[in-house]
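S.K.: the following block contains a protein sequence and its predicted model.
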Amino acid sequence: MLRARYRYVFVRPFPRDVKLDKLEVWKAVQSSLQHLVGVLGYADVNPHLVRVQKDSDGLIMRCNSKHIRTFVAAIALVNNVGGERVSLDVKKVSGTLRGLTKKIKC
Amino acid sequence: MGGRTFVDFWIRPPDVAVAKEMCKRASELGYSALVIEAPKPILDELKGSVKEHGLELYSKAVISAKTRSDVLKMVTKLRHSYDVITVHCLTRDAALVALRDGRVDTVAFRPNGLMTIDKHMLSVTRNSIELTLVDAISDKVALQKMRGIVQLIDAKGLSLVFSSGASNPIEQRGPFEASCVINAFGLNFERSLDALSTVPLNILLRNRAKLSGKMVQEGVWLVEG
């Protein structure tokens, strides 16, 4: 069986001064993805919350590398997190977690 | 993605302050040109701010049309004053005229108007069809309808323009995110990128040339020298 390949995505809410519960952000992404592609599509995308970056005020998420565009589309379609009107910006995408953290620090 | 010039083909700022914020955000997101639906005084005030962020500014008139004559009258009136003319069709009759009128640049399909497209409409279409991201974000039913329209556009090989339709900075998204949304609707990724770069850019260049008198008619250019 082939090893699954992932894409790591760094997401940051906009505007940056709004204080958000990061788990609410993750729930909003999950809900948006499920609405966009349904339950089976969600399983294909296989999204995961990897970590919350406290220093850079964002989240690192992971998905199946073949479905990265669907995942980014779902992130783009989020417009409300816990009653606050925000948008989520996809700042960086990388094939490895180490590569992504390097890119964020640059 | 590299090397492309991206255009946000429709933003609708309510006032100058918001418009300036939107210009700044568009520049941060990676756009090179903005098409703004706003009154002339706002556009004049924005010119300085737009240059500061390295953007190009184009004006847009949006005509909401119920009948055939609405389209024809308004297009005649506004064509020479704006860079881009978009018709937002409220009925099928208006859409049939707007889709084939050479003076119209794009025909917008939005949830508060006509949101369906049939085979006859597709067969007479000459102009680009415009869809907006803000409709996909705010209206879940519209999202499903847009998916249907994009699939028909893909099957018929028509040209699509995808714009943000934003009225504040929160509704703006980057070009990569926007093209991923169209890609998720079923259009291939290259064509999705074209909907934000090549197609709108060609419309803008053609219209600027026409307004400045460099292009006499479609395909007829004045030679300088």
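M.R.: Good, I have the coordinates. Numbers count the residues shown, from 1 in each chain, chains lettered A, B, ... in the order given.

S.K.: name the helices or strands packed onto whichever strand or helix holds residue B:135?
M.R.: Applying DSSP states H and E as the criterion places residue B:135 in helix B:133-138. For helix B:133-138, the contact count by 3 or more C-beta pairs under 8 Å, 6 or more residues apart in numbering or on different chains; DSSP states H and E identifies helix B:140-156, helix B:175-185 as packing neighbours. Quick note: C-beta positions are derived from backbone N, CA and C, even for glycine.

S.K.: export those helices to a markdown table and tack on mean neighbour count and mean pLDDT?
M.R.: Formatted as a markdown table, the helices and strands packed on helix B:133-138 follow (neighbours: other C-beta atoms under 10 Å in any protein chain shown; pLDDT from 0 to 100):
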| stretch | mean neighbour count | mean pLDDT |
| --- | --- | --- |
| helix B:140-156 | 17 | 90 |
| helix B:175-185 | 25 | 95 |
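
S.K.: and residue A:2, which of those helices is closest to it?
M.R.: helix B:175-185 (24.0 Å; C-beta to C-beta).

S.K.: give me the contacts around that closest one.
M.R.: A:36-37, A:69-70, A:72-77, A:89-90, B:1, B:4, B:6, B:29-31, B:131, B:133, B:136, B:146-147, B:150-151, B:160, B:162, B:164, B:173, B:189, B:191-193, B:195-197 (C-beta atoms under 8 Å, 6 or more residues apart in numbering or on different chains).

S.K.: of those residues, just the buried ones, ChimeraX syntax please.
M.R.: In ChimeraX, a selection of the buried entries from those looks like this (16 or more other C-beta atoms under 10 Å in any protein chain shown):
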select /A:36,37,69,70,72,73,74,75,76,77,89,90 /B:4,6,29,31,131,133,136,146,147,150,160,162,164,173,191,192,193,195,196,197
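
S.K.: the contacts of helix B:175-185 in strands, which ones?
M.R.: Among these, the ones falling in strands (DSSP state E) are A:89-90, B:131, B:160, B:162.

S.K.: got a list of what the nearest residue to residue A:97 once chain neighbours are set aside touches?
M.R.: With sequence-adjacent residues excluded and distances taken as C-beta to C-beta, 6 or more residues apart in numbering or on different chains, residue A:97 is closest to residue A:8, at 5.3 Å. Contacts here follow C-beta under 8 Å, 6+ apart; on that basis residue A:8 touches A:50, A:60-62, A:93-97, A:99-100.

S.K.: turn the helices and strands packed on helix B:133-138 into JSON lines, including distance to residue B:45.
M.R.: Putting those into JSON lines (distance: least, C-beta to C-beta, whole Å) gives the following:
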{"stretch": "helix B:140-156", "distance to residue B:45": "33"}
{"stretch": "helix B:175-185", "distance to residue B:45": "26"}
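
S.K.: so which of the contacts of residue A:8 is the closest to chain B?
M.R.: Distance to chain B across those (C-beta to the nearest C-beta) is lowest for residue A:93, with 8.7 Å.

S.K.: backbone phi and psi for the closest one, please?
M.R.: Main-chain dihedrals, residue A:93, degrees, to the nearest 10: phi -130, psi 140.

S.K.: closest to residue A:85 among the contacts of residue A:8?
M.R.: Checking the contacts of residue A:8 against residue A:85 with C-beta to C-beta, the nearest one is residue A:61 at 21.0 Å.

S.K.: okay, buried residues for whichever strand in chain B runs longest please.
M.R.: Assignment by DSSP E gives strand B:56-65 as the longest strand of chain B. Neighbour-count burial for strand B:56-65, counted by 16+ other C-beta under 10 Å, picks out B:57-65.

S.K.: how far away from the center of its chain is that strand?
M.R.: Offset of strand B:56-65 from its chain centre (C-alpha atoms, centre = their mean, to the nearest Å): 8 Å.

S.K.: for stretch A:17-28, same thing?
M.R.: Put simply, stretch A:17-28 sits 11 Å off its chain's centre (C-alpha atoms, centre = their mean).

S.K.: let me see the ranges of the helices in the chain.
M.R.: Let's take chain A. Along chain A, counting by DSSP state H, helices occupy A:22-45, A:68-76, A:97-105.

S.K.: chain B, not that one
M.R.: Secondary structure of chain B (DSSP H): helices at B:16-29, B:40-52, B:68-78, B:92-100, B:119-124, B:133-138, B:140-156, B:175-185, B:189-194, B:198-212.

S.K.: perfect, that will be all.
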